[in-house]
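*Asks:* below is the structure, and that's it, no one-letter string:
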């Protein structure tokens, strides 16, 4: 089942970006460009989560949040507030009005999707299917499973954490030292060459017939997950 996210955002470029990225993550998305339209959408079909811009025309994000929380049928609707206002007093006001989380612009899509998963996991655990998709690779963090091109891939725990890290930052090059910190932790001493061994195992496991090698070696720099876009 696709979780339904209602995006209330009046900046067209941002609304399009949010819609595109959330649909890619497996959400069904509807966009409302002002507070009144947003409330009509809530009445028409109850979303699973609302992304709510603070500075909406016609009806502000704070007022929308207040109205949603004031009605019995929408009182428990998860709300993440998006705003350019980063002052602590504004964050407190947004949370006090009833927002479940608060994200200050500009933000990364990786952080936003992580916040959405966290809110859904906390409030609607049945919808928190914690998956990351990139190209033909799907990683399911809850079930601890990986699929590539429709086939199940069996990974050891270290290779799973390594792939999870790469999947969160596709195309970004990581040095051995950065991977050691992210996957093994900075408080554990591991030889940098150990990374090469586990990257090799990960490559071998992901080597499905008819697919490209997803882990790129960047000489003198490190490794990146690259599926050619």
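*Replies:* Done, it's in. This is a predicted model, so every value here is computed, not measured. Numbers count the residues shown, from 1 in each chain.

*Asks:* switch to C-alpha atoms for all contacts and neighbour counts from now on
*Replies:* Will do.

*Asks:* doesn't residue 133 lie inside a helix?
*Replies:* No - read with DSSP: H, G, I helix; E, B strand; the rest coil, residue 133 is strand and lies in no helix.

*Asks:* what sits against it?
*Replies:* 25, 139, 167 (Cα atoms under 8 Å, 6 or more residues apart in numbering).

*Asks:* apply 10 Å and report the result again.
*Replies:* For residue 133, the contacting residues are 24, 25, 26, 139, 140, 147, 148, 167, 168, by Cα atoms under 10 Å, 6 or more residues apart in numbering.

*Asks:* for residue 218, see how far away it is.
*Replies:* Distance of residue 133 to residue 218, given as Cα to Cα, to the nearest Å: 23 Å.

*Asks:* longest single helix anywhere in this protein?
*Replies:* For the chain, the helix with the greatest residue count under DSSP state H is helix 109-123.

*Asks:* before we move on, the earlier item: got TSV for the contacts of residue 133, with secondary structure too?
*Replies:* Shown next, in TSV, are these (three-state DSSP):
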residue	secondary structure
24	helix
25	coil
26	coil
139	strand
140	strand
147	strand
148	strand
167	helix
168	helix
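
*Asks:* who does residue 80 bridge with?
*Replies:* residue 51, residue 101 (DSSP bridges).

*Asks:* tell me the pLDDT of it.
*Replies:* pLDDT recorded at residue 80 is 93.

*Asks:* what separates stretch 168-180 from the chain centre, distance-wise?
*Replies:* Mean-position distance between stretch 168-180 and its chain equals 18 Å (Cα atoms, centre = their mean, to the nearest Å).

*Asks:* for stretch 192-207, same thing?
*Replies:* So, by Cα atoms, centre = their mean, the centroid of stretch 192-207 is 26 Å from its chain's centroid.

*Asks:* count of residues packed around residue 84?
*Replies:* Using other Cα atoms under 10 Å, residue 84 has 14 other residues around it.

*Asks:* any idea how far residue 220 is from it?
*Replies:* Residue 84 sits 39 Å away from residue 220 when distances are taken as Cα to Cα.

*Asks:* residue boundaries of the helices in the chain?
*Replies:* 12-24, 35-44, 61-70, 88-97, 109-123, 157-168, 176-179, 193-205.

*Asks:* circling back to that earlier point, what helices and strands are in contact with the longest helix of the chain?
*Replies:* Judged by 3 or more Cα pairs under 10 Å, 6 or more residues apart in numbering; DSSP states H and E, helix 109-123 is in contact with helix 12-24, strand 49-53, strand 79-83, strand 101-104, helix 157-168.

*Asks:* so can I have a markdown table of these showing distance to residue 38?
*Replies:* Shown next, in a markdown table, are those (distance: least, Cα to Cα, whole Å):
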| stretch | distance to residue 38 |
| --- | --- |
| helix 12-24 | 13 |
| strand 49-53 | 9 |
| strand 79-83 | 13 |
| strand 101-104 | 18 |
| helix 157-168 | 31 |
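
*Asks:* how about the ones you listed, which one is nearest residue 197?
*Replies:* The closest approach between residue 197 and any of the helices and strands packed on helix 109-123, judged by Cα to Cα, belongs to helix 157-168 at 9.9 Å.

*Asks:* contacting residues around the residue lying farthest from the centre of the chain?
*Replies:* The centre of the chain is farthest from one residue, residue 191, which by Cα atoms, centre = their mean lies 31.4 Å away. Residues in contact with residue 191 (Cα under 10 Å, 6+ apart) are 176, 177, 180.

*Asks:* same deal with residue 137?
*Replies:* By Cα under 10 Å, 6+ apart, the residues touching residue 137 are 146-153, 163, 167, 206, 214, 227.

*Asks:* I appreciate the help and will end here.
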